[in-house]
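Enquirer: got a sequence here, can you build the structure:
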Amino acid sequence: MPTSTRFAVAAHVLAALAVSGDKPLRSEDLAYSANTGAVVIRGLLSRLNDAGLTRSQLGAGGGAMLAKPAAEIRLLDVYAAVEDTELFSVHRTPPCESCAVGGNILDALQPALARARSALEDELAKTTIADIALEVSRLGKFSIPLIW
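Expert: Below you'll find the predicted structure:
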């Protein structure tokens with residue numbers, strides 16, 4: 001089953017913006033860091049901007065910036081901003097309703113899938129972009145501006 005990389009790359013982008021402090025970063029520079037295309041980054045920045053997580057500074061020296069402190073951006077906010085599919089996909093076509101299993105499988109699965117989604121969202125709500133940026137700086141052995 002294919003999965004999206006939008007969430008991981010968006011978290012990467014936001015952590016890079018947090019690490020940069022108040023210095024705007026160009027989509028090309030973010031793309032270099034994430035090892036992807038600038039078009040991919042611009043698409044993510046558009047979604048993040050729509051969610052109020054980033055903003056753009058125009059002109060020379062412009063680029064993307066965090067729209068609010070990194071400590072106020074939860075991973076759950078990032079997930080909600082960039083992922084537009086259900087966490088769990090079900091049958092592309094409805095199962096056979098006249099079958100004992102097919103007629104009941106979706107109702108049987110739904111509670112477990114809802115609990116799993118809730119657990120994921122609860123966990124993502126506990127971690128902020130500031131937490132991720134601080135861990136990146138610890139692992140990379142560099143300091144970051146304390147703008148939070």
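Enquirer: what packs against the top helix by length along the chain?
Expert: Longest helix in the chain, counting residues (DSSP state H): helix 105-125. Packing partners of helix 105-125 (3 or more Cβ pairs under 8 Å, 6 or more residues apart in numbering; DSSP states H and E): helix 75-82. C-beta: built from backbone N, CA, C; applies to glycine.
Enquirer: just the buried residues of the helix it packs on, please?
Expert: 75-82 (16 or more other Cβ atoms under 10 Å).
Enquirer: so where's the protein uncertain?
Expert: Along the chain, the parts satisfying pLDDT under 70 run over 1-2, 85, 146-148.
Enquirer: please enumerate the strands of it.
Expert: 54-57, 63-66 (DSSP state E).
Enquirer: neighbours around the closest residue to E72 other than its chain neighbours, how many?
Expert: With sequence-adjacent residues excluded and distances taken as Cβ to Cβ, 6 or more residues apart in numbering, E72 is closest to T128, at 7.1 Å. Neighbour count of T128, defined by other Cβ atoms under 10 Å: 22.
Enquirer: can you show me the helices along this protein?
Expert: So, for the chain - with DSSP H - the helices run 6-19, 27-34, 38-50, 75-82, 105-125, 129-140.
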